[in-house]
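**Q** Pasting the sequence and the predicted model now:
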Amino acid sequence: MQYLVHSDTETLPVATVGQEMHQLVARLYPICRSITGEGVRQTLRILQEYIPLEIHEVPSGTPVFDWVVPKEWNIRDAYVRNEQGEKIIDFNACNLHILHYSLPVRKQLPLQELKKHLFSLPDQPQLIPYKTSYYKPDWGFCLADEQLQQLPEGQYEAVIDATLEDGSLTYGEFYLPGESAEEVLISCHVCHPSLCNDNLSGIAVATYLATALATKKNRYSYRFLFIPVTIGSITWLSRNEDKLANIKHGLVLTLLGDEAGFTYKRSREGKFEIDEVVEHVLQARQKQHQLIDFFPYGYDERQYCSPAFNLPVGCLMRSRHGEFPEYHTSADNLDFVKADCLEESLDVVKEVTTVLEQNRRYLNTNPKCEPQLGKRGLYDSIAGSGSNWKSWEMAMLWLLNLSDGRFTLLDISKRAGIPFHTISEVASVLEQHQLLEPFTLTS
Amino acid sequence: MQYLVHSDTETLPVATVGQEMHQLVARLYPICRSITGEGVRQTLRILQEYIPLEIHEVPSGTPVFDWVVPKEWNIRDAYVRNEQGEKIIDFNACNLHILHYSLPVRKQLPLQELKKHLFSLPDQPQLIPYKTSYYKPDWGFCLADEQLQQLPEGQYEAVIDATLEDGSLTYGEFYLPGESAEEVLISCHVCHPSLCNDNLSGIAVATYLATALATKKNRYSYRFLFIPVTIGSITWLSRNEDKLANIKHGLVLTLLGDEAGFTYKRSREGKFEIDEVVEHVLQARQKQHQLIDFFPYGYDERQYCSPAFNLPVGCLMRSRHGEFPEYHTSADNLDFVKADCLEESLDVVKEVTTVLEQNRRYLNTNPKCEPQLGKRGLYDSIAGSGSNWKSWEMAMLWLLNLSDGRFTLLDISKRAGIPFHTISEVASVLEQHQLLEPFTLTS
Amino acid sequence: MQYLVHSDTETLPVATVGQEMHQLVARLYPICRSITGEGVRQTLRILQEYIPLEIHEVPSGTPVFDWVVPKEWNIRDAYVRNEQGEKIIDFNACNLHILHYSLPVRKQLPLQELKKHLFSLPDQPQLIPYKTSYYKPDWGFCLADEQLQQLPEGQYEAVIDATLEDGSLTYGEFYLPGESAEEVLISCHVCHPSLCNDNLSGIAVATYLATALATKKNRYSYRFLFIPVTIGSITWLSRNEDKLANIKHGLVLTLLGDEAGFTYKRSREGKFEIDEVVEHVLQARQKQHQLIDFFPYGYDERQYCSPAFNLPVGCLMRSRHGEFPEYHTSADNLDFVKADCLEESLDVVKEVTTVLEQNRRYLNTNPKCEPQLGKRGLYDSIAGSGSNWKSWEMAMLWLLNLSDGRFTLLDISKRAGIPFHTISEVASVLEQHQLLEPFTLTS
């Protein structure tokens, strides 16, 4: 499929959706995001070019459940200079060079002293690590281990021009109303600096999903959250407890740009409809994928699935959190995420929403014996090609037989062994003939 | 086992029950049955020689749920004659030659025109297919493909001397009252012409089951239906809705004369007692068999298991509907069904009713610790041969331990790993000693 | 581990607990126990040196449910003398030589007559069998089959100096109160004569478990029963129906001194907490063991698990009842049970009580999102060694996530894949920090 790239400034050549998504990742890549600060705001403002995102600011010091909104961290410049005055580590070259949430510093110090503030990865000597110190005051620089090993003795100047002051925590929210107040929550994190798979891929997929859904009439309402991880979801949950009862399904989107097969981490209960639907969609694709049970570690599903909320929220990934070599290093870059992988991820998430939208329960309006399909012309009208006829007829019979209010279309699809789309399509035809009517469980 | 053949006209030599059943099949084979008409009446009148069948007539035009009882079809003669005046297709030679429910016709027409009304099986060139056109007005003949291919060009005369007029739909019903009003439904179809496995085998097994049960005192009442498929069960259900609550178990009997292993198609719920009992009986025989889940296609279980009724009715077969080469062809003839297969099928169905009859729940009247069996002489009185003693003693202990009202004898048999008949026999002894008393779940 | 042997008369050299237990078995070995009589009293009096056992006497003739307490049987001497006046079978040499509950006898009789009262094991010709005739009046002697085969023709004198008179049934009971009135029942049988695995091993393990628990502060109360099999548990149950509601878990201990792997026979329901806990303990040891379902045969679990009581009581063994060659023969002797096997059995039972004691449910006091562990110092205080840190952190997160009252610590341990002891230890730390509070299901 070819789309026109969405852009406010210039007309680009026609690109695939995946290429568009990769271009969005590329725009966001240089920005130094953290859990608070200008980087998040700048990111959300770019996303506003795509979707009408509402940007929320929550003041530092605001209590949010057991936590408090932290001070805002902003950084303008940071470097280490050697005796020759050369910047041997330069934040402007790569924002991973800074220990995030570093306190401001400006001092001369010998190598041995400096080394206490230098972080590297001896096992991956060419990569710069991503490190943070959100809740323990500290300062530091990250660099490739092979550079660290070659630093000559001598005096160095370490400069971090940063501020950690009262300000606010920033997050973005886009609510797309549907026919029903029941909603699907889509959540991604926006607090990592120049890391493409770990945060930018999720942002891109969520954004493009939102633009796609916005052009359609949806049964569910959709709520998209672009938040700093942990403190962001805690903040949002503490401010929106009254909305939680409406959340019927949800997904945390992350790590969706690399080439690995999909991994779905189930909700805490493991048996919510979202779990069934994602598993169905992944299985129907017949490509390698992994289904894993919930565990209380990872991304914001930890908060959504905390015991008082226990929301029906799972997490869709490709590579798993912490389990790929590029994780939290400078190798999680623009080469690591691929346009076609981003697009495939978007397709899967769209398919999940399609199945959610269509996955109703029906009542057979004629439940005593089979209705006479022939007199309604249903044998002729539905059967398009001869080869499909058998599964169309069986889909009619299964739908009529199982539409007693207990079974969703997905349940019927699984029991019948007939693709969900056929079941859904045939259900519509039967509904048009008043042989099925929508049914809602009153719980 | 040797029985005297039941016959009203002459004394036959002593035959096995299987041979008797095969003779019944042979008597019914030539009759041209359809969903209505004289063929069904003639068939039911023959069955009245065996069991006191009540014959019901439901007028054409009667509304039955979403359907209407069709016009009655009767055929006297039908043939195709060539230019030499030879009957090259003759209904009197084989009633499969006619497209069932054909409209009357009498016309001269060239081969090319005639061919639009000829049906054959190119993949099985020697067999005559069985075809119907119940709800779409048409006429036609069926013949072997090798004959069709050799028909010379020329003029032909097609004659169908049939009537399609208001009349009635005919079905047979035999109700055998038992101790309880709770009943077991046995249903078979009587609407196929000269096809032995597909309808005559089920008729024979149902008839001989009825004669066997009629000589015994039964706990359950039994209702036998001999009906045209689909419209027959729809008609019966629409006229007997008030009786359905009494149906505790049921079986559709069909395709029971060929040499294949048994196939049991479970009820829609899959976990009714009939499902457990048939599965148990088939497993206990330790021969190859198949257990398959319900699907809304096949025979009258489609109607009994429609959502508003959801009756505990499964379907017992050998070869499966549509899945054997002789299905709906002239090869489903008297050679295809075997006397010993019919008898084995009868034995299985009788065993199912035996287990249903005996499969009660009991309450241990002495549930605090074990009762003292020795003082009641139970160690001596029961143990027949020494080798059985261990399983008799264990049967006593299991029955006493598990008779808390939750478990049927079949449940106990399975958990104990002791044959059902031993469990049932020992339960009777314990009941005689007032150590067990029957228990009924009040649902 | 080295303990000082508990002894009232002399100071023994330091022995392992297993050696101590074996010494207790050796003291009890010569005593001629039966379901009533002085042998049981003598046994219980020795156990009183270890634990403050209460000895109960229930008069002969007392009705106990469907049974009656039998007469008391005591035996002083018994022998068979040949024509030369030699005692060729002598009760004083081995108390298995007597058919237990033999009536008194003193008569001369020829070999053929005598043989009707002699019992041997042709398949194990060197072993003396253990036989009883509790409820059918009889007399007899047991001997090795090879001795029986060589007895010369002639006259013999059979003397049994025994009494079967009104008296009482004797059992021992030790109740160890804990914080809660909820109790754990530990039951073993004391009615077998010189058989080491089949009764003495269970007695030794129960006694040493009692001494171990008596030195600790326990959450549960513990009730230890030392009873004659069947009639003993029936008698105890009939006198203590009001206490049964307090029994939350229980174990029958038997056959715990041989070298076979452990066998756990589940409670009748199979899913009580005791079943889960024993299975967990055996699986965590990673040695070969067997888990078998309840069946109404064996030891006193038959009575505890009778339908009116259905107590949560399983049975822990090594070799299984009736399934080892030494069972109920003179080969079940002091060589057959091993000190280290007795000690290993004690360790397993102690571990079961440890897990039962700790296996609580908790409520997360802070169930909305994760609590901030850092500000409570929980990241630092718990993490002992670096290598354990990950499982400590994960244990914290799992406990907080799953402590909604539905899950026990054992449930959480299994779902998290973290050892129970880690989960239990971390739960205590979280309880100290008021992040968890104990929760009791109100059933």
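**A** Great, that's in hand. If you're wondering where the values come from, they're calculated on a predicted model, not measured in any experiment. Numbers count the residues shown, from 1 in each chain, chains lettered A, B, ... in the order given.

**Q** quick one, helices of chain A?
**A** With DSSP state H as the criterion, chain A has helices at A:17-28, A:38-47, A:111-115, A:145-149, A:202-214, A:231-239, A:273-285, A:301-304, A:339-358, A:378-382, A:386-402, A:409-416, A:420-432.

**Q** Give me the mean pLDDT for the last one.
**A** Translated: helix A:420-432. Here helix A:420-432 scores 96 as its mean pLDDT.

**Q** Pull out the buried positions in it.
**A** Neighbour-count burial for helix A:420-432 flags A:420, A:422-424, A:426-427, A:429-431 (criterion: 16 or more other Cβ atoms under 10 Å in any protein chain shown). (Glycine included, C-beta is placed from N, CA and C.)

**Q** one step back: between the helices of chain A, which one is nearest to chain B?
**A** Closest approach to chain B among these (Cβ to the nearest Cβ): helix A:386-402, 4.0 Å.

**Q** Please tell me how far the residue of the stretch 251-400 of chain A found nearest chain B sits from chain C.
**A** Per Cβ to the nearest Cβ, the residue of the stretch 251-400 of chain A with the smallest distance to chain B is residue A:367, at 3.6 Å. Relative to chain C, residue A:367 is positioned 37 Å away (Cβ to the nearest Cβ, to the nearest Å).

**Q** sorry, back to before: winner for burial among the helices of chain A?
**A** helix A:301-304 (a mean of 26; mean count of other Cβ atoms under 10 Å in any protein chain shown).

**Q** quick one: contacts of it?
**A** The contact list for helix A:301-304, computed with Cβ atoms under 8 Å, 6 or more residues apart in numbering or on different chains, reads A:185, A:187, A:230, A:233-234, A:237, A:250, A:252, A:265, A:267, A:294, A:296, A:309, A:311, A:313-315, C:369-370, C:397, C:401.

**Q** Flag the shaky bits of chain A, pLDDT-wise.
**A** A:1-13, A:380-389, A:443 (pLDDT under 70).

**Q** Name the residues of it found near chain C, please.
**A** Proximity of chain A to chain C is confined to A:65-67, A:135-136, A:230, A:233-234, A:237-238, A:241, A:268, A:293, A:295-297, A:302-303, A:305-310 under the rule Cβ under 8 Å from any Cβ of the partner chain.

**Q** picking up where we left off before, for the nearest residue in space to the residue of the stretch 251-400 of chain A closest to chain B that is not next to it in sequence, grab the count of nearby residues.
**A** Take residue A:367 and drop its neighbours on the chain: the residue closest to it by Cβ to Cβ, 6 or more residues apart in numbering or on different chains is residue B:308, 3.6 Å away. Per other Cβ atoms under 10 Å in any protein chain shown, the neighbour tally for residue B:308 reads 14.

**Q** May I have the residues that are in contact with the residue nearest to residue A:188 when sequence neighbours are not counted?
**A** Distances taken as Cβ to Cβ, 6+ apart place residue A:202 nearest to residue A:188, at 3.6 Å, with adjacent residues excluded. The contact partners of residue A:202, taken as Cβ under 8 Å, 6+ apart, are A:188-189, A:252-256.

**Q** Residue A:77 now?
**A** A:91-92, A:159, A:161.

**Q** ok, now how distant is the single nearest residue of the stretch 301-443 of chain A relative to chain C from residue A:252?
**A** Here the stretch 301-443 of chain A gets closest to chain C at one residue, residue A:308, 3.6 Å apart by Cβ to the nearest Cβ. Relative to residue A:252, residue A:308 is positioned 18 Å away (Cβ to Cβ, to the nearest Å).

**Q** For residue A:49, grab phi and psi.
**A** phi -70, psi -20 (degrees, to the nearest 10).

**Q** need the strands for the stretch 51-200 of chain A, in chain order.
**A** Under the criterion DSSP state E, counting those that start in this stretch, strands of the stretch 51-200 of chain A are mapped to A:54-59, A:63-64, A:67-68, A:72-81, A:87-90, A:105-110, A:118-119, A:141-142, A:155-165, A:168-176, A:183-189.

**Q** Show me how far the first one is from its chain's centre.
**A** I take that to be strand A:54-59. Centre-to-centre, strand A:54-59 and its host chain are 20 Å apart (Cα atoms, centre = their mean, to the nearest Å).

**Q** The longest one now?
**A** Centroid separation for strand A:155-165 versus its chain: 33 Å, with Cα atoms, centre = their mean.

**Q** rewinding a little: for the buried residues of helix A:420-432, which one is nearest residue C:363?
**A** Within the buried residues of helix A:420-432, distances to residue C:363 taken as Cβ to Cβ reach their minimum at residue A:420, with 40.2 Å.

**Q** My guess is residue A:393 contacts residue A:379. True?
**A** Yes: between residue A:393 and residue A:379 there is a contact at 7.2 Å, judged by Cβ atoms under 8 Å.

**Q** ok, residue A:156 - how many residues close by?
**A** Neighbourhood size, residue A:156 [other Cβ under 10 Å]: 21.

**Q** The residue nearest to the spatial centre of chain A: what's it in contact with?
**A** Centroid check for chain A by Cα atoms, centre = their mean gives residue A:253 as the closest residue, at 1.8 Å. For residue A:253, the contact set (Cβ under 8 Å, 6+ apart) comprises A:186-188, A:202, A:205-206, A:315-316, A:345, A:349.

**Q** was I right about residue A:366 contacting residue B:66?
**A** Yes: Residue A:366 is within contact range of residue B:66, at 5.4 Å (criterion: Cβ under 8 Å).

**Q** Please work out which residue of the stretch 1-150 of chain A is closest to chain C.
**A** Closest point on the stretch 1-150 of chain A to chain C, by Cβ to the nearest Cβ, is residue A:66, at 4.3 Å.

**Q** Need the nearest residue in space to that residue, chain neighbours excluded.
**A** residue C:371 (4.3 Å).

**Q** distance of residue A:197 from chain B?
**A** Distance from residue A:197 to chain B, by Cβ to the nearest Cβ: 43 Å.

**Q** Now do the same contact list for that residue.
**A** Taking Cβ under 8 Å, 6+ apart, one finds A:255-258, A:318-319, A:324, A:326, A:332, A:336-337 in contact with residue A:197.

**Q** residues contacting residue A:426?
**A** A:382, A:392, A:395-396, A:399 are the contacts of residue A:426 under Cβ under 8 Å, 6+ apart.

**Q** Likewise for residue A:411?
**A** residue A:402.

**Q** how close does it get to residue B:295?
**A** Separation of residue A:411 from residue B:295 (Cβ to Cβ): 14 Å.

**Q** for residue A:400, same thing?
**A** Applying Cβ to Cβ to residue A:400 and residue B:295 gives a distance of 12 Å.

**Q** Same question for residue A:58.
**A** 56 Å.

**Q** Spit out the contact partners of the residue nearest to residue A:209 when sequence neighbours are not counted.
**A** Once flanking residues are discounted, residue A:209 sits nearest to residue A:349: 5.3 Å by Cβ to Cβ, 6+ apart. Residues in contact with residue A:349 (Cβ under 8 Å, 6+ apart) are A:186, A:205, A:209, A:251, A:253, A:316.

**Q** Farthest pair within those residues?
**A** Going by Cβ to Cβ, the pair spanning the contacts of residue A:349 furthest: A:209 and A:316, at 11.1 Å.

**Q** What sits closest to the residue lying farthest from the centre of chain A if chain neighbours are left out?
**A** Most distant residue from the mean C-alpha position of chain A: residue A:375, 49.3 Å away (Cα atoms, centre = their mean). Nearest non-adjacent residue to residue A:375, counting by Cβ to Cβ, 6+ apart: residue B:135, 7.7 Å away.
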